[in-house]
Structure formats: C-alpha cells, structure tokens
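Participant: Test case, fold it:
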Amino acid sequence: MDCEKESRKLQLEFKECQKLLTAIGDETRQYIMSVMIMEKCGGARVIDIAKKTHLSRPAVSHHMQILKDAGFVTARKEGTMIYYSVNADRTGIEKIKTLVNHIDELLAQD
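Facilitator: Numbering: from 1, shown residues only. Model (predicted):
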C-alpha cells in the first residue's frame, strides 16, 4: 500500500464531505433532519418545521440554510412561501459512505 497516495485520497474525500459533515454534526440539525426524513412530505415551510421541532422560526431558517448549502435539503419557492424538502439527489450521502468505507478499509489493514 502506498501510504502517501492513500493519505492524499483520504484528505480529498474528507474535503468533498466537509460541508455535509459539518451540517450533520450539529445536534439541532440532526433533529430537524430526522423529522424531515421521517415525514418525507412534498416540502415543509419553516413555520411548519418550527412547530414540529419546537424551535423558533429564525433558528429553523438558520439551520435550513446550512442544510441547503450542504445539499441535504432543497428549497422550492411558491409565491412568497418557501418549501424545504430532503434532497432526492443522494450524492452527498454516497460520498460520506465512500469516505467511511475507505476509513474502515484502511483501519482493517495490518
């Protein structure tokens, strides 16, 4: 095994996952994500998410923007209302799986 090559590959994988890892590392966002994943609705407004999570609207808006920037959720505007939903494109999740599998393979080697 070429340790230097594997190290560079691992660093690149971490960098590709950085935004999503940061986004899902927060306990409040984890709670919001679990609510959204379990609901699998066609979208929810900040006020609806706030009611379900018992968070303030500004707090939910802040966390939704971070989740949107990380690619976990998408936003759709209808008039003056914005609906957030879990992103159907699972590219970020697949990148995290690849990273975790790579780490597991490296740790399993003698």
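
Participant: Would you map the strands across this protein?
Facilitator: All strands of the chain, identified by DSSP state E, fall at 73-78, 81-86.

Participant: what residues does the last one touch?
Facilitator: Pointing back at strand 81-86 there. 33, 36-37, 40-46, 49, 64, 67-68, 72-77 (Cβ atoms under 8 Å, 6 or more residues apart in numbering). C-betas here are computed from N, CA, C, even on glycine.

Participant: And the pLDDT at residue 110?
Facilitator: In this prediction, residue 110 carries a pLDDT score of 67.

Participant: What is the burial count for the nearest residue to residue 21 once chain neighbours are set aside?
Facilitator: Excluding the flanking residues, the one nearest residue 21 by Cβ to Cβ, 6 or more residues apart in numbering is residue 96, at 7.0 Å. By the criterion of other Cβ atoms under 10 Å, residue 96 has 17 neighbours.

Participant: Residue 96 against residue 22, yeah?
Facilitator: No. Counting by Cβ atoms under 8 Å, residue 96 does not reach residue 22; the two are 11.8 Å apart.

Participant: what mean pLDDT does stretch 48-59 have?
Facilitator: Taken as a whole, stretch 48-59 has a mean pLDDT of 94.

Participant: contacts for it?
Facilitator: Outside stretch 48-59, the residues that reach it (Cβ under 8 Å, 6+ apart) are 28, 31-32, 35-36, 39, 44, 46-47, 60, 63-64, 84.
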